[in-house]
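Asker: Predicted coordinates and the sequence they were generated for:
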Amino acid sequence: MILDMEAGLEHLGRGTTSGMDQFIVVIEPGARSIQTYRNVKRLALELGVKQVRVVASKIRDEKDEQFILEKIPAEDFLGFIHYHPSIMEADRLGKSPYDCSPELVKEVKDIVQRMGGENL
């Protein structure tokens, strides 16, 4: 089961971590996002959650990819979700990005496979 929580660290102190085996932190290619990942990892370990993994979102180009790969340990990295204009268009139309962005669907399937999940 995946539980989507609010951005930030506040919920970590509210007992919401009991029974969790890992956190997946969604980050963007920026220094503050990397720092948030590091803070979540530190707090997760203190709370007994041994694995913190990363999905990098809003990736625009190779420079963004390289930035992430230099900052995140390989064992924590799950994959990239690139910026696709079709995702924004889907939102404007009130549609699911899955219906409008085959690129996104492939990226998410690859991430799920890296997590050990079934092929979608």
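Answerer: Good, I have the coordinates.

Asker: Kindly confirm my reading that residue 55 is in a strand.
Answerer: Yes. Applying DSSP: H, G, I helix; E, B strand; the rest coil, one finds residue 55 inside a strand.

Asker: Tell me who's in contact with it.
Answerer: Listed by CB atoms under 8 Å, 6 or more residues apart in numbering, the contact partners of residue 55 are 24-27, 78-81, 111. In short, each C-beta sits where N, CA and C put it, glycine included.

Asker: go again using 7 Å as the cut-off
Answerer: The contact partners of residue 55, taken as CB atoms under 7 Å, 6 or more residues apart in numbering, are 24, 26, 78-79, 81, 111.

Asker: for residue 101, same thing?
Answerer: Going by CB under 7 Å, 6+ apart, residue 101 touches 84, 86-87, 90.

Asker: PyMOL command to pick out the buried ones of those?
Answerer: A single PyMOL command is used to select the members of the contacts of residue 101 judged buried by 16 or more other CB atoms under 10 Å:
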select buried, resi 84+87+90
